[in-house]
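Trainee: Predicted coordinates and the sequence they were generated for:
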Amino acid sequence: MRVLYLLYGYPQASQTYIKTELEALQADYDIRIISTHQPKVSSPYRNHLPFQHLTDLGAMQEVVEDFRPHVLHGHHLREIHTLSPLARQTNVPFTIRTHSFDVLERVKKEQMLTKVFGRLASRSAPRKVRDAAQMVRDDLCLGILAFPFVRRSLESAGIPSEKIHDCWPVINYDRFYDTSPNGDAIMNCGACIPKKAMNDYIRLGANMPERNFNLYAIGYKSDELIAFNESMGNPVNIVQQVEPDDMGPEYKKHEWLVYTASKQIGTVGWPMAVAEAQAAGVGVCMQNIRPDLKEYVGPAGFLFDTIHDAMEIIARPFPAELRDIGFEHAKKSDITGHLTLLTSLWEGALERAT
């Protein structure tokens, strides 16, 4: 079965969930990739599949005519504005895997709308989701995959419930699963962007000088973060970009993952690092910015409201019994367990076509 991917910024180092999905599919599907934008990170990861960088819809249509895909697929709801017109022109159906920033509204904007318009605003879906709803309702859209906690918002935007398929994050569980002893360092990782509130992680390190703090930083505003770390006396060891295939041993150096997130922005979703860390035996301590995060970190994880709360949590050893629970909980994000949510949509379309 032939699948044409339309991706934003492939192969972007902060989008390894796309890499994991492609690796899980490539043995059984004939895949071609169009990247609609250049990567935002200066150093894309090395181990990626071949791709074309195209911005013109006509050029993409020529690829469709040459490749003759059975289905189009993209990541992030914003890509529907390219996928839907291309599907209409070529009569090829499409699917999308959504994430977090593309379906969540910024908290400050929500608060402002609620102040002006009252309770109705707090119940409405983000405008970017409402704008996409009509294209999702199109018969050529086979469905979208989304985190379970955003279903209600998507439905309120007018997206039919049967088009929404609840799915946990995408990780390669076997790449990280390791029951051997862990090191005693503290870690954080991800794209250096404001919603990740990594300055707070540096402040945390400054308040616990007796511990070893590592931050695996990916591009974006990393220079500003390095400067802030220097101004605080370098309490954190900032590790420049590590290849995704090499992150397993890095997790094993740590006892705790402290994942910071901005409450003011509020668009951090269910980060893959949480599941990857639990699969590697690392204790997870995540910023408490929404109630749904309790489900995601699960019974083995901890949520914190302030840096002081995080300090109290990670000052204690990560309990061995929770470590065992974490190994099991992380399997919910293993792509081998939920890949069929996506491929069944494709196979169903193929059966109808033949």
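Mentor: Structure received.

Trainee: Residue 25 - nearest residue in space that isn't next to it in sequence?
Mentor: residue 31 (6.4 Å; CB to CB, 6 or more residues apart in numbering). Where you see a C-beta, it was placed from the backbone N, CA and C, and this is true even at glycine.

Trainee: what does residue 101 give?
Mentor: Residue 101 sits nearest to residue 267 (CB to CB, 6+ apart), 4.5 Å away.

Trainee: residues contacting that neighbour?
Mentor: 100, 101, 104, 105, 106, 107, 195 (CB atoms under 8 Å, 6 or more residues apart in numbering).

Trainee: re the thing from before, where does the residue nearest to residue 25 sit: helix, strand or coil?
Mentor: strand (DSSP: H, G, I helix; E, B strand; the rest coil).

Trainee: what's the pLDDT at residue 171?
Mentor: Residue 171 carries a pLDDT score of 97 in this model.

Trainee: got it, and residue 120?
Mentor: Listed pLDDT for residue 120 reads 40.

Trainee: lowest confidence element among the helices and strands of this protein?
Mentor: Confidence across the helices and strands of the chain bottoms out at helix 119-123, with a mean of 41, counting by mean pLDDT, DSSP states H and E.

Trainee: and whichever helix or strand comes after that one, what other elements does it pack with?
Mentor: Where DSSP states H and E defines the elements, the next helix or strand beyond helix 119-123 is helix 127-137. The elements that helix 127-137 packs onto, with contact taken as 3 or more CB pairs under 8 Å, 6 or more residues apart in numbering; DSSP states H and E, are helix 80-90.

Trainee: Name the next helix or strand downstream of the helix it packs on, please.
Mentor: strand 94-97.

Trainee: Now do the buried residues in that next one.
Mentor: Within strand 94-97, the residues that count as buried by 16 or more other CB atoms under 10 Å are 94, 95, 96, 97.

Trainee: pLDDT (mean, whole number) over that strand?
Mentor: In the prediction, strand 94-97 has an average pLDDT of 97.

Trainee: now stretch 100-111
Mentor: 70.

Trainee: now swap in stretch 222-234 and tell me
Mentor: So the average pLDDT for stretch 222-234 ends up being 93.

Trainee: going forward, begin numbering at 402 instead of 1
Mentor: Yes, from this point I'll number from 402; that puts the last item at stretch 623-635.

Trainee: Can I get that stretch as CSV, trimmed to CA atoms?
Mentor: Provided in CSV are the C-alpha atoms of stretch 623-635 (Å, rounded to 0.1, in the frame of the first residue of the first chain):
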residue,chain,number,x,y,z
SER,A,623,18.8,27.5,23.2
ASP,A,624,21.2,30.4,23.0
GLU,A,625,18.9,32.4,25.3
LEU,A,626,18.7,29.4,27.6
ILE,A,627,22.5,29.0,27.7
ALA,A,628,22.9,32.7,28.5
PHE,A,629,20.3,32.4,31.4
ASN,A,630,22.1,29.4,32.7
GLU,A,631,25.4,31.3,32.7
SER,A,632,23.8,34.2,34.5
MET,A,633,22.7,31.7,37.3
GLY,A,634,26.2,30.3,37.7
ASN,A,635,25.7,27.3,35.3
